[in-house]
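Enquirer: Build me a model from this:
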Amino acid sequence: MTGSASRVEVALLGGGIWAREEHAPAIEAAQNYLSFKAVYSRSAASAHSIAENISSPVDIYSEDTENRFDDLLQRSDIQAVVVSLPIGHQSRFIKSALLAGKHVLSEKPVAENIEEAKALINWYRTEINGPTWTVAENWRFLKSYEYAAKELKNLGKIIGFQGRQHDVVPENWKFNLTEWRRNPIHQGGYLLDGGVHYVAGLRLLLGEEPGNQIASLAAFTNQIQPYLPPVDTADVILRTRAGVTGVFQISRGTSLRADEWTIACSNGWIKIENETVTISRNGEIEVVTIPNERTGVPPEIRAWGQGLVEGKTRSEQEPEAALADLELIELMLKSGSQGGIPLECSHQDVLN
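Expert: Residues are numbered from 1 along each chain as shown. Okay, the predicted model is just below:
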């Protein structure tokens, strides 16, 4: 077990649902590597809602008290921050924390759009020396996806794939009651906010073999539910550099229900549905259950903390990997807004 003297002292930036239900308990649970020291939110009330649900005593910072964000950044004992804020607000906090010498793990997506992400990554790579910036994508830490990706390597060449992610966001769902999700200023609404998870899962399954990277896509988009602007549905055709084609159907406003990726290979296929992995190999069907650790956030936070203690970052948490996820969603939205024209990818040459 790592001694407490070598643990990294961490602050959580954000007082929303995801910060409270996922990030805060995950930080506290990663006690081999992290020591939870402070919470910042716009309001003291939301910051206290985090503190009240964890056992560790933490200091509170907010914009409606004397102890504000700038005061938190001045603390030399806090070495790292987890940024769990609305999509449109994160970049400012990422930059401020890095400039203050803090390591940063920011919630996906990497930025609101490709151009902002490229500028932020370029600034980080050229101007920041010392503190690290990584991006949280919890689907890369789902055990069921890790297992499926490993098994795919034994089934030969990938020859096709299809994904169906169908559900409906209830109008009064707790996440939809947050203003920034109900009236999004970021592109794509829930298709960006949740869609990056699904394409991250696809990229993990396709792996890093030459030719498996997505080269282009075309999409049609639609808004089914009037309370889910600007669009809540997309049907996408994707092509890899090797010429393999696949389809991806995602809707947050449909009566259909599905959550699956199926990857066809020369010697069989694999379907993953949450924790259920079905493998067809030599005509034999095997169904296994691979339990995930909650949403994947606990192992994600633990891996980040371990990396900080050991002085290294994991390739799947580098911002360039998150940019590759973002690119697929943005091109999907752009293609849909232009009548389904094919668009080429430019940022897929990264590790998953």
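
Enquirer: In which helix or strand does Leu333 reside?
Expert: According to DSSP states H and E, Leu333 maps onto helix 319-337.

Enquirer: scratch that, Ile237
Expert: Assigned by DSSP H and E, Ile237 falls in strand 233-240.

Enquirer: Am I right that Thr262 is in a strand?
Expert: Yes: judged by DSSP: H, G, I helix; E, B strand; the rest coil, Thr262 forms part of a strand.

Enquirer: and it, how many neighbours?
Expert: Neighbour count of Thr262, defined by other C-beta atoms under 10 Å: 18. Backbone N, C-alpha and C define where each C-beta goes, glycine included.

Enquirer: What of Lys95?
Expert: When neighbours are defined as other C-beta under 10 Å, Lys95 has 17 of them.

Enquirer: ok, it to Val83 distance?
Expert: 11 Å (C-beta to C-beta, to the nearest Å).

Enquirer: Which of the three states applies to Trp269?
Expert: Secondary structure of Trp269, per three-state DSSP, is strand.

Enquirer: How about the contacts made by it?
Expert: 155, 262-263, 279-280 (C-beta atoms under 8 Å, 6 or more residues apart in numbering).

Enquirer: Try it again at 10 Å.
Expert: 152, 155, 158-161, 262-263, 278-281, 285 (C-beta atoms under 10 Å, 6 or more residues apart in numbering).

Enquirer: do Gly194 as well
Expert: With contacts defined as C-beta under 10 Å, 6+ apart, Gly194 is in contact with 108, 165, 167, 169, 175, 188, 250, 252, 329.

Enquirer: List buried members of the contacts of Trp269 by neighbour count.
Expert: With burial judged by 16 or more other C-beta atoms under 10 Å, the buried subset of the contacts of Trp269 is 152, 155, 158-159, 161, 262-263, 278-280.

Enquirer: What are the boundaries of the helices in the chain?
Expert: Per DSSP state H, the chain carries helices over the ranges 17-18, 24-29, 44-51, 69-73, 90-99, 114-127, 143-152, 179-182, 190-193, 195-206, 297-310, 319-337.

Enquirer: a markdown table for these, including distance to Thr134?
Expert: Converted to a markdown table, the helices of the chain look like this (distance: least, C-beta to C-beta, whole Å):
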| stretch | distance to Thr134 |
| --- | --- |
| helix 17-18 | 17 |
| helix 24-29 | 14 |
| helix 44-51 | 21 |
| helix 69-73 | 18 |
| helix 90-99 | 11 |
| helix 114-127 | 10 |
| helix 143-152 | 18 |
| helix 179-182 | 23 |
| helix 190-193 | 19 |
| helix 195-206 | 14 |
| helix 297-310 | 6 |
| helix 319-337 | 7 |
